[in-house]
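Q: sharing a model prediction with you, sequence too.
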Amino acid sequence: LKGSSGDHNKKQISKAEATIKFNETSFQNKSAKINKQLRKISRSIVATKSECEKLEAQKLAVAKRVAQLESVSNTSGGPTGPASQNASRAKMKAVVTRRKLIDLARAQTDEIEFLRKELDRLRQRTFPSFAHSRRAELQRLGNPDERY
């Protein structure tokens, strides 16, 4: 009987040693796998931080551009809303009205000039004047100061 219990203990010891060896290799494999995942996640974090910095720089550039455009918008007519559109329409209507009045005044001025010339022509027919012929003669002769 004594011999059998020693055999039994040897079997248990070898079984325990095999379990310990299996657990060690399993631990090493799991440890290597976790370290590999850790390195992969670290690279991912570095890439994400780099992308975040690039996006932050773009955000600042876009914010600067928006500020410039708002400044231009404010100086050239203000924000675009229903009230500003009505103001723009009123301003445009005033400009158009002013332009039409200027064109009308120019046309009337031309018409008045034409009527004055016509009146002068009719007066010459009725009451001849030699002032025009004197002017024509002076133009033909030219400026006496320039001749000498």
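A: Everything's here; your move. Small disclaimer: the values here were computed from a predicted structure and weren't measured.
Q: drop to CA atoms for contacts and neighbour counts, all remaining ones
A: Will do.
Q: which SSE is immediately downstream of the helix or strand harbouring Ser50?
A: According to DSSP states H and E, Ser50 maps onto helix 2-76. Next helix or strand after helix 2-76 toward the C-terminus (DSSP H and E): helix 82-126.
Q: low pLDDT regions in the protein?
A: 1-4, 76-81, 127-135, 143-148 (pLDDT under 70).
Q: same thing but at 80, please
A: The model of the chain has pLDDT under 80 over residues 1-6, 73-84, 124-148.
Q: now Gln12: how far from Ser5?
A: 11 Å (Cα to Cα, to the nearest Å).
Q: right, I mislabeled it, should have said Glu56
A: 74 Å.
Q: repeat for Ser50
A: Ser50 is 67 Å from Ser5, by Cα to Cα.
Q: what's the answer for Arg39, then?
A: According to Cα to Cα, Arg39 stands 50 Å off from Ser5.
Q: do Lys33 as well
A: Distance, Lys33 to Ser5, by Cα to Cα: 42 Å.
Q: one more: Thr97?
A: Thr97 is 121 Å from Ser5, by Cα to Cα.
Q: same question for Arg98.
A: Look at Arg98 and Ser5: by Cα to Cα, they are 122 Å apart.
Q: Ser42 too?
A: Distance from Ser42 to Ser5, by Cα to Cα: 54 Å.
Q: since we're on Ala63, how many residues are nearby?
A: Ala63 has 12 neighbours, counted by other Cα atoms under 10 Å.
Q: before we move on, what about the one 10 residues further on?
A: Around Ser73 there are 13 other residues, counting by other Cα under 10 Å.
Q: again, but for Ser88
A: Residues near Ser88, counting by other Cα under 10 Å: 15.
Q: same check on Ile45?
A: Neighbours around Ile45, by other Cα under 10 Å: 12.
Q: how about Pro82?
A: Neighbour count for Pro82, taken as other Cα under 10 Å: 9.
Q: so what's it up against?
A: By Cα atoms under 8 Å, 6 or more residues apart in numbering, Pro82 lies in contact with nothing.
Q: gap between it and Lys91?
A: Applying Cα to Cα, one obtains 14 Å for the distance of Pro82 from Lys91.
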